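Participant: Here you go, sequence then predicted model.
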Amino acid sequence: MATTQLPKTNKEWILNEYVKGPISDKTFSLKESPVETTVPDGKVLVKVLTLGLEPAIRPSLSDEPSYRAPHPLGTPVWAYGIGVVAATSTPSTHPVGSKVVGLLSWSQYALADATALRPYNEQIGLQHLSALGAPGLAAHIGLFNNVGMKKGEVVLVSGAAGATGSIVVQLAKAAGASKIIGVASKSKCQSVVDNGADVCLDYGAPSFEEDLIKATERKVDVFFDNVGGLVLDAALVCMAKQGRISVCGAISGYQSIGGDKSQVYALKNHTMILRSVLTVKGFIVMPPYTSQEGIGKAVAELGKAVVEGKVKTSIYKFPEEGVEHVPAALHGLLTGQNTGKMTIKIADE
Ligand SMILES: NC(=O)c1ccc[n+]([C@@H]2O[C@H](COP(=O)([O-])OP(=O)(O)OC[C@H]3O[C@@H](n4cnc5c(N)ncnc54)[C@H](OP(=O)(O)O)[C@@H]3O)[C@@H](O)[C@H]2O)c1
């Protein structure tokens with residue numbers, strides 16, 4: 001096994017209990033333990049430099065059934081990130097000192113599966129976690145593969161200022177949408193228009209439902225939904241006949257997963273699914289729900305678009321640095337603190 005000089009201890013956040021409602025001080029604990037000096041076959045010890053947090057972390061902290069198995073209790077919480085190989089069982093593919101990107105954990109040193117890591121490209125940088133990470137894949141696969149968006153269509157995007165939504169707006173524009181309507185909180189709407197939306201509506205405005213009807217003229221062909229709840233409800237009455245809804249996420253309801261369902265927003269307009277003959281289709285950008293081939297194709301197209309400057313995403317750098325602050329960054333993500341991809345720096349190279 002090849003190694004570099006390692007520190008004696010490693011700090012990492014462990015999941016203590018499945019969440020029933022909002023995350024609390026009891027959900028995670030910061031464990032300090034000796035750094036692994038022997039790396040098992042198929043594993044790589046990675047010094048974590050930056051983590052990118054996904055909203056999907058929150059559903060996996062509950063034991064409610066989902067596409068992803070509940071995160072195992074007593075183990076470090078997952079996150080995608082960028083790091084440097086510190087010790088390796090696979091020196092030919094992951095040599096010590098090489099930079100990698102992939103599935104890591106809320107740790108200073110993460111023990112990762114070699115198969116879950118790929119080489120880091122300096123030209124792409126933090127976009128590995130955004131345009132080329134789950135947000136970019138979700139935008140591309142959700143817009144084209146899942147609901148087949150075509151030139152000339154009217155596209156509505158919720159969570160439009162987020163990491164995923166901001167890429168959807170740019171891809172829809174590049175694909176020739178006739179009109180793009182974004183939905184975001186008021187302070188983030190300018191960024192949505194700057195990315196190419198014709199208009200952006202504040203879902204917190206008292207007149208939101210009427211504003212949406214006016215802006216869409218009830219002619220939405222494709223609704224890319226990141227949010228669910230009241231925005232989805234309002235959108236259901238704005239769809240064209242036989243419109244398609246690409247269900248990417250439902251972030252407005254994530255804090256209640258595993259907890260009290262009486263507070264969850266109940267849809268009032270669900271009969272519109274039948275009355276407007278809608279297709280409502282969920283998707284997940286990981287196998288087996290999306291093939292490796294489909295992911296590879298999307299990564300190749302997105303990589304080209306990033307290098308050519310055709311897709312830009314804003315990267316939000318959490319103001320506090322260090323592994324100690326990762327739970328606060330997750331809280332920030334779930335309460336809309338970020339505009340663009342939520343990242344947190346863990347260490348210098
Ligand atoms: N299906 C898949 O494979 C896949 C892959 C990646 C991501 N996703 C999903 O895509 C969604 C977006 O993820 P992301 O990484 O782009 O996250 P993000 O960067 O945090 O963006 C999410 C956006 O949602 C908005 N939001 C939060 N709470 C809201 C609420 N209650 N009502 C309305 N808007 C709210 C936030 O801004 P404002 O509220 O301030 O506007 C934020 O800009 C999530 O639901 C995530 O689970 C799915």
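Facilitator: Cool, the structure landed.

Participant: ok, the residue lying closest to residue 251 once chain neighbours are set aside to residue 32 distance?
Facilitator: Distance criterion Cβ to Cβ, 6 or more residues apart in numbering; nearest residue to residue 251, sequence neighbours excluded, is residue 55 at 5.0 Å. Where you see a C-beta, it was placed from the backbone N, CA and C, and this is true even at glycine. As judged by Cβ to Cβ, to the nearest Å, residue 55 and residue 32 stand 28 Å apart.

Participant: quick one: which of the two has more around it?
Facilitator: Between residue 55 and residue 32, counted using other Cβ atoms under 10 Å, the more crowded position is residue 55 (21 against 9).

Participant: Tell me the spacing between that one and the ligand.
Facilitator: Note on residue 55: its distance to the ligand, by Cβ to the nearest ligand atom, to the nearest Å, is 4 Å.

Participant: I figured that residue hits residue 249, correct?
Facilitator: Yes. Contact criterion Cβ atoms under 8 Å: residue 55 and residue 249 qualify, at 6.2 Å.

Participant: Quick one: mean pLDDT over stretch 31-41.
Facilitator: Mean per-residue pLDDT for stretch 31-41: 90.

Participant: Compute the first-to-last residue distance for it.
Facilitator: 24 Å (Cα to Cα, to the nearest Å).

Participant: now the helices for the stretch 101-250 of the chain?
Facilitator: 134-140, 163-174, 189-194, 208-216, 229-236 (DSSP state H, counting those that start in this stretch).

Participant: Contact distance from the ligand - what residues of the stretch 101-250 of the chain qualify?
Facilitator: 134-135, 138, 159, 161-165, 184-185, 188, 203, 226-227, 231, 248-250 (Cβ under 6 Å from any ligand atom).

Participant: now the residues you listed: which count as buried?
Facilitator: For these, a neighbour count by 16 or more other Cβ atoms under 10 Å gives the buried set as 134-135, 138, 159, 161-165, 184-185, 188, 203, 226-227, 231, 248-250.

Participant: What is the least confident helix or strand in this structure?
Facilitator: strand 2-3 (a mean of 61; mean pLDDT, DSSP states H and E).

Participant: Need the nearest residue in space to residue 106, chain neighbours excluded.
Facilitator: Per Cβ to Cβ, 6+ apart, closest to residue 106 is residue 13, 3.9 Å.

Participant: Correct me if wrong: that neighbour contacts residue 328.
Facilitator: No. Counting by Cβ under 8 Å, residue 328 is not a contact partner of residue 13; they are 11.1 Å apart.
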